[in-house]
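> how would this look folded up:
(4 chains)
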2 protein chains.
Amino acid sequence: MARTQSPDYEDRRAAILEEAAKLYAERGFLGASIADLAAACQVSKSLVYHYYAAKEDILFDVMQSHVQALLETGERIASGDGGAREKLIALTHEFMQLYVGAASRHKVLLNELDRLPADRRRIVVDIQRRLIALVEHLLEEIRPDLAGRLSRPAAMLYFGMINWTHTWLDPEGAVTPDEIAALAVTIFLDGICKPT
Amino acid sequence: MARTQSPDYEDRRAAILEEAAKLYAERGFLGASIADLAAACQVSKSLVYHYYAAKEDILFDVMQSHVQALLETGERIASGDGGAREKLIALTHEFMQLYVGAASRHKVLLNELDRLPADRRRIVVDIQRRLIALVEHLLEEIRPDLAGRLSRPAAMLYFGMINWTHTWLDPEGAVTPDEIAALAVTIFLDGICKPT
DNA sequence: CCTACCGATCGGTAGG
DNA sequence: CCTACCGATCGGTAGG
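Sure, this is the predicted structure:
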């Protein structure tokens, strides 16, 4: 019978992952060494290599865990009841919550995707594509004449609005993430000219 | 009398700058070495250091040249004739043209700002702030009740839409930058629900 | 004989 | 403006 692994194996791995997300968000993937990560976790470099075979595996885990959470939320909302308009509103609020709750992972996903080896990058990009398709379909329900040429650009403009918040939105600031989500989806659906 | 510098001094500097923008956009600032840059320019590392005292100086030049061009375009349009709505439309089209014309610089500006030393980063961020304030004032003209709390978030959501295009917009693709600019500013002003 | 982990150091390459 | 180098640090692995 095989020996079981340490009972806190997953906890330690999760702790390294979270610290890596923070470091890569602050200093960039190439700017944060394995030695930096080990020091931040107060463990040896060898322990880090016990959990991850290579530095790129850590980056992949940071990105994959985040994008997976986004897709699950997206699919849950898309398959629910209600109209496309209501679903897009709910999606925007839940995405904004995920973005601020996983701010480091989100920043790393947006800034360091090119640093991922091609095979693993494809996996992340595929999940992103499903997320985009999901929003695209909602937009086609709201505006059927958009389908084909402009539904994808429109979906990308939507993601630009909400993804970009990581550069300026302060979760502790006067304007809350929920207010920003409401403003973003209102502008996207009805424009800034229409009073909220 | 001081010796004059080489007559093609500025051309060579500009060539190094453009190559640096490309390399930093592709591999990241930390992923592209001075040796890589010299090889791409087919010059020695020492020649690069003849034009730039440090690696960060090149990064600053890449970012500063781009953000300066954006601000000049923004101020020219803002100080012109016409209403705020027309100015925002013109601004969006001209920004999109600048973004695709300086795609590498734009990507570097958005992805590598944290890699700039604090003092030089402040200079770039200050210029960005003036650009944001300019859009903010246009939005306050369009929607006076937005002023104060929500005009800055609204301006940031606008920039999210158009800045983020660098990740997905193909200048050679079926949908042109001008069409994307038109779609973005239409959505922002009147929403996706209103037929274009 | 296994796993989980340590201190030390490998061959190469970075900016300057 | 080049070749020849430097101090330091990189990602990854050795023995025990």
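> residue in chain A nearest to DNA strand D?
Proximity to DNA strand D, evaluated over chain A using CB to the nearest atom of the strand, is greatest for A:Ser33 at 2.7 Å. Every residue, glycine included, has its C-beta placed from N, CA and C.
> give me phi/psi at that residue?
When read as degrees, to the nearest 10, the backbone of A:Ser33 gives phi -90, psi 170.
> repeat for the one 10 residues further on
Backbone dihedrals for A:Val43, given as degrees, to the nearest 10, come out at phi -130, psi 180.
> now A:Asp170
Per degrees, to the nearest 10, the backbone of A:Asp170 is at phi -100, psi 110.
> how close does the residue of chain A closest to DNA strand D sit to DNA strand C?
Distance, A:Ser33 to DNA strand C, using CB to the nearest atom of the strand, to the nearest Å: 11 Å.
> Next: A:Glu56.
Using CB to the nearest atom of the strand, A:Glu56 is found at 16 Å from DNA strand C.
> residue contacts, that residue?
Neighbouring residues of A:Glu56 by CB atoms under 8 Å, 6 or more residues apart in numbering or on different chains: A:115-117, A:120.
> Let's see that with 7 Å instead.
Taking CB atoms under 7 Å, 6 or more residues apart in numbering or on different chains, we find A:Glu56 in contact with A:116-117, A:120.
> ok, now A:Ala20?
Applying CB under 7 Å, 6+ apart, we find A:Ala20 in contact with A:37, A:58, A:62.
> what does stretch A:89-109 contact?
Residues outside stretch A:89-109 that contact it (CB under 7 Å, 6+ apart): A:21-22, A:24-25, A:62-63, A:65-67, A:69-70, A:73-74, A:77, A:162, A:165-166, A:171, A:177-178, A:180-181, A:184-185.
> and with 6 Å instead?
Residues from elsewhere that reach stretch A:89-109 (CB atoms under 6 Å, 6 or more residues apart in numbering or on different chains): A:21-22, A:24-25, A:62-63, A:66, A:73, A:77, A:162, A:166, A:171, A:177, A:181, A:184-185.
> Buried residues, that stretch. List them.
Using 16 or more other CB atoms under 10 Å in any protein chain shown as the test for burial, stretch A:89-109 gives A:89-96, A:98-100, A:102-109.
> what number of residues lie near A:Ala53?
Neighbour count for A:Ala53, taken as other CB atoms under 10 Å in any protein chain shown: 9.
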